[in-house]
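> structure for the following, please:
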Amino acid sequence: MWVRIRYCLALIIPFVFLSACNQPQRANFVTSPEINIDLEEIRQRGYINALVDNNSISYFIYKGEPMGYEYELLNHFAKHIGVTLKIQVTSGVDRAIDQINKGEGDIIAFPLTVTKERTQYVAFSNPHFTTYQVLVQRKPENWRQMTLDAVNKAVIRNPIELIGKQVHVLARSSFETRLAHLSEEIGGDIDIVIDTTSSESEALIRRVAMGEIDYTVADNTMARVNASYYPDLDIETPLSVAQQVAWATRLNSPDLLQAINEWLSIIKKEPTFMVIYNRYFKSPRTSVIRMKSDYSSMGGNMLSPFDSLIRKGANTLGWDWRLLASLIYQESRFLPRSESWAGARGLMQLMPRTAREFGAFDLDDPRQSIAAGVGFLKFLDNYWMDKVPTTEERLKFVLASYNVGLSHVVDARRLAEKYGKDPGVWYDNVEYYLSKKSDPDFYRDPIVTAGYCKCEEPIDYVREILARYDEYRIHIAS
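The predicted structure is shown next:
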């Protein structure tokens with residue numbers, strides 16, 4: 001039986017769309033490891049680089065906070081092996097396999113279906129769970145007024161009815177393979193359209209919901225989350241048997257793979273795993289809230305109700321507004337009445353004395369808090385201007401000073417200069433000596449004026465704000 005498959009690439013030309021169909025497709029990714037990095041090397045460098053997909057389940061930003069099934073589990077795994085987590089958003093299985101084999105990632109943390117072909121290119125962990133493929137189609141327009149029986153008759157329930165129908169799927173996906181096999185099984189040609197205009201399954205699900213295409217195929221878990229957002233979707237027609245969903249590593253990273261499997265066997269016995277699983281796969285109401293929210297990277301392009309004020313303040317500073325938003329999230333989680341144990345208040349967590357110096361008398365007022373916080377940041381930037389002329393480096397000094405106070409950072413800079421480090425460089429230089437200010441050999445040095453400081457917090461503060469800023473830049477438009 002000949003299976004009809006179209007490979008359609010849309011070229012963005014005004015009012016013109018060209019399609020090249022029936023062209024054979026080759027693997028367009030690196031199929032074997034080009035580097036040799038395993039668990040020991042990952043531990044030595046101190047972080048694991050995870051490749052994730054930006055979707056409503058795996059990884060997204062909600063109210064300024066990174067979230068997602070994969071994201072939460074990755075944090076647990078990174079702690080388990082004693083390293084920090086670095087997230088790199090990618091799109092498409094082929095691209096992820098290419099990146100991991102080039103060493104641009106250590107683990108593919110997708111809801112990734114295990115297939116025989118893919119085992120040639122990557123090593124799969126033990127499965128997280130099983131799922132199956134379903135047909136994604138629209139219900140009849142008046143389905144709310146119809147009986148369930150009538151709805152079932154109006155949609156495709158028997159895969160044989162797909163003969164001659166166009167079904168859009170991603171290139172080289174398990175869905176493409178399944179449809180090709182299904183065509184053989186039902187004895188007729190399904191018109192499989194390989195959609196290269198989209199890079200992830202949720203985009204095709206949305207296109208079905210919007211009426212742009214009639215059919216696609218998705219994992220049942222992903223389909224159900226999206227159906228809670230698009231009630232006109234029908235996802236009740238199964239197209240496959242149960243399939244395993246797992247993470248993947250390079251073929252030459254056996255120790256990392258073993259560590260993942262050992263960790264999975266532990267966490268699956270704990271309540272944590274099911275709590276995380278249920279949060280993203282079994283709570284359709286909260287999924288809808290997240291996806292519809294203006295403050296979700298899946299549903300909108302906002303970080304908080306105060307974005308316009310943050311943009312205005314960032315413009316005064318000459319900052320990207322998402323950087324200032326990252327700082328405010330770090331300080332208050334965008335809660336305007338937040339108060340610290342030390343008495344700092346408001347969105348930007350200013351102490352009352354500092355706030356008054358920069359014109360704020362009601363710190364619960366977002367306008368006053370942001371205006372005063374911006375004024376303080378501007379003051380700090382001006383202070384460091386001639387001492388740290390490089391903008392990128394100076395930003396770290398400003399952030400640390402905002403958190404711990406100017407005098408402690410000045411002390412750390414003096415110590416760095418005394419011990420032969422670069423006083424104009426933050427990481428591994430001034431940062432290092434800031435960490436030493438809890439050691440009497442350093443905080444009792446005559447050149448130190450501010451004395452003792454348990455300064456792990458400002459060190460983490462700088463790193464966390466900049467890491468979150470990187471995430472905001474990926475998901476939230478400037």
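> low pLDDT regions in the stretch 301-450 of the chain?
Within the stretch 301-450 of the chain, the stretches falling below the threshold (pLDDT under 70) are 341-342.
> how about the helices of the stretch 101-250 of the chain, start to end?
In the stretch 101-250 of the chain, the segments counted as helices under DSSP state H, counting those that start in this stretch are 148-154, 174-186, 201-209, 220-229.
> phi first, then psi, for G420.
Dihedral pair for G420: phi 80, psi 20, per degrees, to the nearest 10.
> one step back: tell me which of the helices of the stretch 101-250 of the chain lies nearest to L415.
Across the helices of the stretch 101-250 of the chain, L415 has its closest neighbour in helix 201-209 (50.7 Å, Cβ to Cβ). All C-beta spots, glycine's among them, are computed from the backbone N, C-alpha and C.
> which strands and helices sit next to that closest one?
Contacts defined by 3 or more Cβ pairs under 8 Å, 6 or more residues apart in numbering; DSSP states H and E place helix 201-209 against strand 133-138, strand 166-169, strand 216-219, helix 220-229, strand 233-238.
> format those as JSON lines; extra columns: mean neighbour count, mean pLDDT and distance to W321.
Converted to JSON lines, those look like this (neighbours: other Cβ atoms under 10 Å; pLDDT from 0 to 100; distance: least, Cβ to Cβ, whole Å):
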{"stretch": "strand 133-138", "mean neighbour count": "24", "mean pLDDT": "96", "distance to W321": "37"}
{"stretch": "strand 166-169", "mean neighbour count": "22", "mean pLDDT": "95", "distance to W321": "37"}
{"stretch": "strand 216-219", "mean neighbour count": "26", "mean pLDDT": "94", "distance to W321": "35"}
{"stretch": "helix 220-229", "mean neighbour count": "22", "mean pLDDT": "84", "distance to W321": "28"}
{"stretch": "strand 233-238", "mean neighbour count": "19", "mean pLDDT": "96", "distance to W321": "35"}
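> distance of E393 relative to V462?
Distance, E393 to V462, using Cβ to Cβ, to the nearest Å: 11 Å.
> overlap of the contact sets of the two?
Contact with both E393 and V462 is made by residues W426, according to Cβ atoms under 8 Å, 6 or more residues apart in numbering.
> and the two? Which one has more around it.
Using other Cβ atoms under 10 Å as the criterion, E393 and V462 rank with V462 on top: 23 against 18.
> against R118, how distant is R414?
Using Cβ to Cβ, one gets 56 Å for the distance from R414 to R118.
> ok, K437 next?
From K437 to R118 the distance is 51 Å (Cβ to Cβ).
> looking at the two, which has the bigger crowd around it?
Set K437 next to R118 and count neighbours by other Cβ under 10 Å: K437 wins out with 24 against 19.
> tell me how many other residues crowd the closest residue to V241 other than its chain neighbours.
Of all residues not flanking V241 in the chain, Y132 sits nearest, at 6.5 Å (Cβ to Cβ, 6 or more residues apart in numbering). A count of nearby residues for Y132, using other Cβ under 10 Å, gives 16.
> residues contacting Y132?
The contact partners of Y132, taken as Cβ under 8 Å, 6+ apart, are 219-220, 238-243.
> which among those gets closest to M146?
Nearest to M146 out of the contacts of Y132 is P238 (Cβ to Cβ; 21.8 Å).
> got a list of what that closest one touches?
Going by Cβ under 8 Å, 6+ apart, P238 touches 132-135, 220.
> just the closest of these to D189, please.
For D189, the nearest member of these is L135. The distance, counting by Cβ to Cβ, is 16.4 Å.
> what packs against the helix or strand where F77 lies?
Per DSSP states H and E, F77 falls inside helix 69-81. Judged by 3+ Cβ pairs under 8 Å, 6+ apart, helix 69-81 is in contact with helix 39-45, strand 47-53, strand 84-90, strand 107-113, helix 254-267, helix 271-281.
> just say which of these is most tucked in.
Each of those was scored by mean neighbour count; the highest is strand 107-113, a mean of 25, by mean count of other Cβ atoms under 10 Å.
> which strand residues bridge the closest residue to I107 other than its chain neighbours?
Among residues not flanking I107 along the chain, A50 sits closest, at 5.1 Å (Cβ to Cβ, 6+ apart). Taking DSSP bridges as the rule, A50 bridges to I87, I107.
> isn't A50 up against V89?
No. Judged on Cβ atoms under 8 Å, A50 makes no contact with V89 at a distance of 9.9 Å.
> so who does I459 touch?
So I459 contacts 400, 431, 434-435 (Cβ under 8 Å, 6+ apart).
> same thing with D53?
The contact partners of D53, taken as Cβ under 8 Å, 6+ apart, are 59, 70, 89-91, 96, 110-111, 200.
> what's the spacing between the residue nearest to E72 when sequence neighbours are not counted and H76?
Among residues not flanking E72 along the chain, I276 sits closest, at 4.9 Å (Cβ to Cβ, 6+ apart). Relative to H76, I276 is positioned 8 Å away (Cβ to Cβ).
> one step back: redo the contacts of D53 as CSV? Include distance to G405 and pLDDT.
CSV is the format used below for those (distance: Cβ to Cβ, whole Å; pLDDT from 0 to 100):
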residue, distance to G405, pLDDT
Y59, 35, 82
E70, 38, 94
V89, 35, 82
T90, 40, 84
S91, 43, 77
A96, 44, 93
F110, 43, 86
P111, 45, 83
E200, 45, 67
